[in-house]
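Enquirer: sequence first, predicted model second:
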Amino acid sequence: MKFNNIDFDTYLKNYPSKDGFFGRYGGAYVSPELKIAMKEITEAYNTICKSRKFIDELRRIRKEFQGRPTPISHLERLSAMIGTGVQLYVKREDLNHTGAHKLNHCMGEVLLAKYMGKKKVIAETGAGQHGVALATAAAYFGMECDIYMGAVDIKKQAPNVARMKILGARVVEVTEGLQTLKEAVDAAFTAYCNEYKDAVYCIGSVLGPHPFPMMVRDFQSVIGVEAREQFIDMTGELPDAVVACVGGGSNAMGIFAGFLNDPVDIYGVEPLGKGPALGDHAASLKFGEEGIMHGFNSIMLKDENGEPAPVYSVASGLDYPSSGPEHAFLHDLGRVKYDVVSDDETVDAFYTLSRMEGIIPAIESSHAVAFGMRLAKQMDKGSVLINLSGRGDKDMDYIIERYGIR
Ligand SMILES: Cc1ncc(COP(=O)(O)O)c(C=O)c1O
């Protein structure tokens, strides 16, 4: 399928370019020393990860350890409640081991680190899901694991902090700035600069310098590949629309990868938080401009000095002032439409999905659920497939404390 002069038949093979560019976005804006480390990872990825041995091992792990494929569930009661005839479906990444999609790229990244002979993995985490996933992968492969996390997120996501520690990871508290995801990435990158000879940075999303946006997308594309086949098996056709929430954008790129070459409307959902004023949201694609941060060029939210702006969302996994470069590219192309959902709509969706379907969604994923419900009200027929990127156990205490039982 051609869209805006881009051939989506061959898109995943052709993008990013050899230097890691999706059009004007992406690249590797890092120090000469880190350039060497990125080159080492890129070469290892291009050889090791394409080998039959690696592919077979990852396939076995996904089936026997992660519990893949995750199912698709038809939300019959919720669709009936909306009443337009549109049918809602969810891809159940909440049923992936550790309760979110993050393990898909962590098992791949840590397996690669093991093949490269490294002893340690380092990462940042916001909601704690990536930290838990990486700590799990590190335990599985017998690696040391350091996780950098903002002090605010440590308080908000206490169950995930406990899980990381039980799994044997060292959780390093970050007390700079807003003490959330951006500062955690800063701190993890600084640590990696000192340790790259023995360690691999396992970034938590389709972010950072090349090759991370490509590597994480490729590992996450298992979601889209499975979902496309499962949806056709279930219904005999493709969904009319596919929806996912976008923080850095890994769960979204994972499911989108399966449908980019299909006549399917694709929507990424960003957090509008408390509203459109700078500092009250984290909707970088909606309100941001081009800029370089954390080693890559993308669309980002900037303050009056051109620095990454403070951001906010009820969802710790979405409060990042930029999104992956591939999202910026797909946004400019118009192949994916990006929209926003507020905290309030999100909390409503969190409760609605729980009560109508018996699935407690992660507060990040609840953004996609809220948008999927909005879309189903606007359409008069067809189907919407939502990526349910994670389960909401980690959010229950915080939501009840802040919003009460609705
Ligand atoms: C359940 C869940 N969904 C989504 C996200 C957002 O990340 P991404 O946009 O990379 O999928 C997170 C991040 O922590 C998460 O935990």
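Expert: That came in fine, so what should we check first?
Enquirer: right, and the helix or strand after whichever strand in the chain runs longest?
Expert: Using DSSP state E, we find that the single longest strand of the chain is strand 265-273. Sequence-wise, the next helix or strand downstream of strand 265-273 (DSSP states H and E) is helix 284-287.
Enquirer: only alpha carbons, please: show the longest strand of the chain as CSV.
Expert: Output in CSV follows, covering the C-alpha atoms of strand 265-273 (Å, rounded to 0.1, in the frame of the first residue of the first chain):
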residue,chain,number,x,y,z
ASP,A,265,-7.2,3.7,10.4
ILE,A,266,-4.5,3.9,13.1
TYR,A,267,-4.7,6.1,16.1
GLY,A,268,-2.1,7.0,18.8
VAL,A,269,-3.4,8.5,22.0
GLU,A,270,-1.4,10.9,24.1
PRO,A,271,-2.1,12.1,27.6
LEU,A,272,-3.9,15.5,27.9
GLY,A,273,-3.5,15.3,31.7
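Enquirer: that strand pairs with which strands?
Expert: strand 241-245 (parallel), strand 336-342 (parallel) (DSSP bridges).
Enquirer: name the residues that touch the first one?
Expert: In this case it means strand 241-245. 227, 251-252, 254-256, 259, 264-271, 315, 318, 364-365, 367-368, 371-372, 375, 379, 382-387, 389 (Cβ atoms under 8 Å, 6 or more residues apart in numbering). Heads up, the C-betas are built off the backbone N, CA and C, glycines and all.
Enquirer: can you give me the buried ones in that strand?
Expert: A241, V242, V243, A244, C245 (16 or more other Cβ atoms under 10 Å).
Enquirer: domain parsing of the protein, as residue ranges.
Expert: Following automatic domain parsing, the chain resolves into domains at 16-62+102-217, 69-99+221-403.
Enquirer: now mean pLDDT too, for the ones you listed, in TSV please.
Expert: Output for these, formatted as TSV (pLDDT from 0 to 100):
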stretch	mean pLDDT
domain 16-62+102-217	96
domain 69-99+221-403	98
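Enquirer: of those, which is nearest D9?
Expert: Closest to D9 of the domains of the chain is domain 69-99+221-403 (Cβ to Cβ; 5.9 Å).
Enquirer: quick one: that closest one to chain centroid distance?
Expert: Mean-position distance between domain 69-99+221-403 and its chain equals 9 Å (Cα atoms, centre = their mean, to the nearest Å).
Enquirer: and the longest strand of the chain, what's buried?
Expert: Of all the residues in strand 265-273, those buried under the rule 16+ other Cβ under 10 Å are D265, I266, Y267, G268, V269, E270, P271, L272, G273.
Enquirer: on that earlier part again, for the domains of the chain, which one sits closest to D7?
Expert: Of the domains of the chain, nearest to D7 by Cβ to Cβ is domain 69-99+221-403, at 8.9 Å.
Enquirer: quick one: that closest one near the ligand?
Expert: Yes. Under the criterion of Cβ under 6 Å from any ligand atom, the ligand is reached by domain 69-99+221-403 at 245-252, 317-318, 362, 364-365, 389-390.
Enquirer: just the ones of those in helices?
Expert: Secondary structure from DSSP state H places S250, N251, A252, E364, S365 of those in helices.
Enquirer: number of residues surrounding the first one?
Expert: For S250, the neighbour count with other Cβ atoms under 10 Å is 29.
Enquirer: my guess is it meets C202, correct?
Expert: No. If you go by Cβ atoms under 8 Å, S250 and C202 don't touch, sitting 11.8 Å apart.
Enquirer: quick check: neighbours shared by these two?
Expert: With Cβ under 8 Å, 6+ apart as the test, S250 and C202 both reach H105.
Enquirer: re earlier: which of the buried residues of strand 241-245 lies closest to the ligand?
Expert: Lowest distance from the ligand to these (Cβ to the nearest ligand atom) belongs to C245, with 5.5 Å.
Enquirer: ok, what's across the strand from the closest one?
Expert: Here C245, judged by DSSP bridges, has bridge partners V269.
Enquirer: contacting residues for the residue in the stretch 51-200 of the chain positioned nearest to the ligand?
Expert: Nearest residue of the stretch 51-200 of the chain to the ligand: Q129, at 3.2 Å (Cβ to the nearest ligand atom). Contacts for Q129 (Cβ under 8 Å, 6+ apart) come out as T98, G99, A100, K102, N160, G317, A362, G390, K394.
Enquirer: which of those residues sit farthest apart?
Expert: Longest span within these, Cβ to Cβ: T98 and G317, 13.5 Å.
Enquirer: between the two, which is the more surrounded one?
Expert: G317 (34 against 22).
Enquirer: how close does that one sit to A80?
Expert: Distance, G317 to A80, using Cβ to Cβ, to the nearest Å: 30 Å.
Enquirer: what residues does the stretch 51-200 of the chain have near the ligand?
Expert: Applying Cβ under 6 Å from any ligand atom, we find that the stretch 51-200 of the chain lies next to the ligand at A100, G126, A127, Q129, H130.
Enquirer: how about a cut-off of 5 Å?
Expert: Proximity of the stretch 51-200 of the chain to the ligand, by Cβ under 5 Å from any ligand atom, involves residues A100, A127, Q129.
Enquirer: phi, psi of H74?
Expert: phi -90, psi 120 (degrees, to the nearest 10).
Enquirer: so what pairs up with it in the strands?
Expert: Assigned bridge partners for H74, using DSSP bridges, are Y89.
Enquirer: burial of it, as a residue count?
Expert: Neighbour number of H74 under other Cβ under 10 Å is 15.
Enquirer: ok, it - contacts?
Expert: Q87, L88, Y89, M234.
Enquirer: and of the residues you listed, the nearest to M214?
Expert: Using Cβ to Cβ, those come closest to M214 at Y89, 28.2 Å.
Enquirer: tell me the spacing between the most centrally placed residue in the chain and M373.
Expert: In the chain, the residue lying closest to the centroid (Cα atoms, centre = their mean) is S250, at 2.9 Å. Going from S250 to M373 by Cβ to Cβ gives 23 Å.
Enquirer: show me what contacts D19?
Expert: Contacts for D19 were tallied using Cβ under 8 Å, 6+ apart; they are G27, A28, H210.
Enquirer: please indicate which of those are buried?
Expert: Listed as buried from the contacts of D19 are G27, A28, H210; burial here means 16+ other Cβ under 10 Å.
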